[in-house]
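> Fold the following for me, if possible:
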Amino acid sequence: MAGAASCGSLNAPGLGLPLKATVPDAKGALPKQMFIGRGPVSAKLRQRFATDLESIAMLAILRSSNTGLTESKRFPEILVLGLHVPGGGAVPVEVIDHIAAQRPGGIVFVCVRDGGPLTDPASGETVESDVEQCAFAVRRNVPVKPGHTPITKVHAGAWRPATDVHLTVHGATMEELWDSLCAQVIADDVDGSDIDKRIAARERAVFLAAEYAKAEAAHGRAKTTEQRNAAYGKMLAIRKELAQLRV
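Alright, predicted model coming up:
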């Protein structure tokens, strides 16, 4: 769509978002100072804004009026914000955390870079590539017990060729849309139901995989039968729990 705000080559219509939600190019560019100037900012974070981020652009504003979904008090609107990072740079997690903390509604971050390492999902092999790449990110509340201090966490998807990425408007309400967008970023799935449980399961699986590697190494260097049995028992317990997580 001509005249749509963009981050690199990506804009809202190209990502699959509604035309009515698209921000015009003339209104898309946002100065870094707009976010740095709000509240106390450490010297380290200022440096992150300077070195890890080239530009910021508002690509779309998703509302009930332009998505056709039922309104939500928690998510009256969801922003789609483009962050252009230096070639080969990582997803700017600290920058995202700071920006997202400044508003109560949801923000989907569209991170774009001009080349860098790409991982083949089929082979798992990582190679350097000079193609434009995109990685989505969101900042989401972590469920805690009533009365406990709220916790938030930034989740980022994998870098992919910019030509292969898209976002889908899915759900009946704006809150369901937010859960779906989080699921698309974190789990590569439009179904946002039970997303917090799935996030917890994925993080537990990553932790268990690391613990399994430690137990396997301990088994390999064990000098006694007792040590080998203990390490092997831990490996079996981890395998069992991982199998349950995949159900």
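
> partners of the lengthiest strand in the chain in the sheet?
Longest strand of the chain, by residue count under DSSP state E: strand 126-142. According to DSSP bridges, strand 126-142 forms sheet pairs with strand 106-119 (antiparallel), strand 151-156 (antiparallel), strand 160-161 (antiparallel).

> Looking at stretch 215-233 now, give me its mean pLDDT.
Stretch 215-233 carries an average pLDDT of 93.

> ok, residues contacting it?
Here stretch 215-233 makes contact (CB atoms under 8 Å, 6 or more residues apart in numbering) with K234, M235, I238. For glycine as for every other residue, the C-beta is placed from the backbone atoms N, C-alpha and C.

> Name the nearest of those relative to A4.
Nearest to A4, judged by CB to CB, of those is I238 at 48.2 Å.

> Which helix or which strand is home to the closest one?
helix 225-245 (DSSP states H and E).

> in that helix, what counts as buried?
For helix 225-245, the neighbour count (16 or more other CB atoms under 10 Å) marks A231, K234, M235, I238 as buried.

> Then stretch 103-118?
Buried, per 16+ other CB under 10 Å, within stretch 103-118: G105, G106, I107, V108, F109, V110, C111, V112, R113, D114, G116, L118.

> P121: neighbouring residues, count only.
10 (other CB atoms under 10 Å).

> Could you report the pLDDT at V165?
V165 is assigned a predicted lDDT (pLDDT) of 96.

> Does it touch G14 like I think?
No: counting by CB atoms under 8 Å, V165 stays clear of G14, with 9.1 Å between them.

> ok, the two, which is more surrounded?
V165 (20 against 17).

> Can you give me every residue that contacts that one?
By CB under 8 Å, 6+ apart, the neighbours of V165 are L10, L15, C134, F136.

> swap the cut-off to 10 Å and go again
10, 14-16, 110, 112, 133-136, 157, 159, 184 (CB atoms under 10 Å, 6 or more residues apart in numbering).

> for the protein, longest helix please?
Across the chain, the helix with the greatest residue count (assigned by DSSP state H) is helix 195-221.

> centre of the chain versus it, how much separation?
A distance of 20 Å separates the centroid of the chain from that of helix 195-221, by CA atoms, centre = their mean, to the nearest Å.

> try stretch 110-118
The answer for stretch 110-118 is 14 Å, by CA atoms, centre = their mean.

> Go ahead and produce PDB holding the CA coordinates of that stretch.
Only the C-alpha atoms of stretch 110-118 are listed here, as PDB (Å, rounded to 0.1, in the frame of the first residue of the first chain):
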ATOM      1  CA  VAL A 110       8.200  -5.700  14.400                       C
ATOM      2  CA  CYS A 111      12.000  -5.900  14.600                       C
ATOM      3  CA  VAL A 112      13.800  -5.500  11.200                       C
ATOM      4  CA  ARG A 113      17.400  -5.800  10.300                       C
ATOM      5  CA  ASP A 114      19.400  -5.800   7.100                       C
ATOM      6  CA  GLY A 115      21.100  -9.200   7.200                       C
ATOM      7  CA  GLY A 116      22.500 -11.400  10.000                       C
ATOM      8  CA  PRO A 117      22.600 -15.100  11.000                       C
ATOM      9  CA  LEU A 118      19.500 -17.100  10.000                       C
END
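
> can you tell me the average pLDDT over that stretch?
Mean pLDDT, computed over stretch 110-118, is 93.
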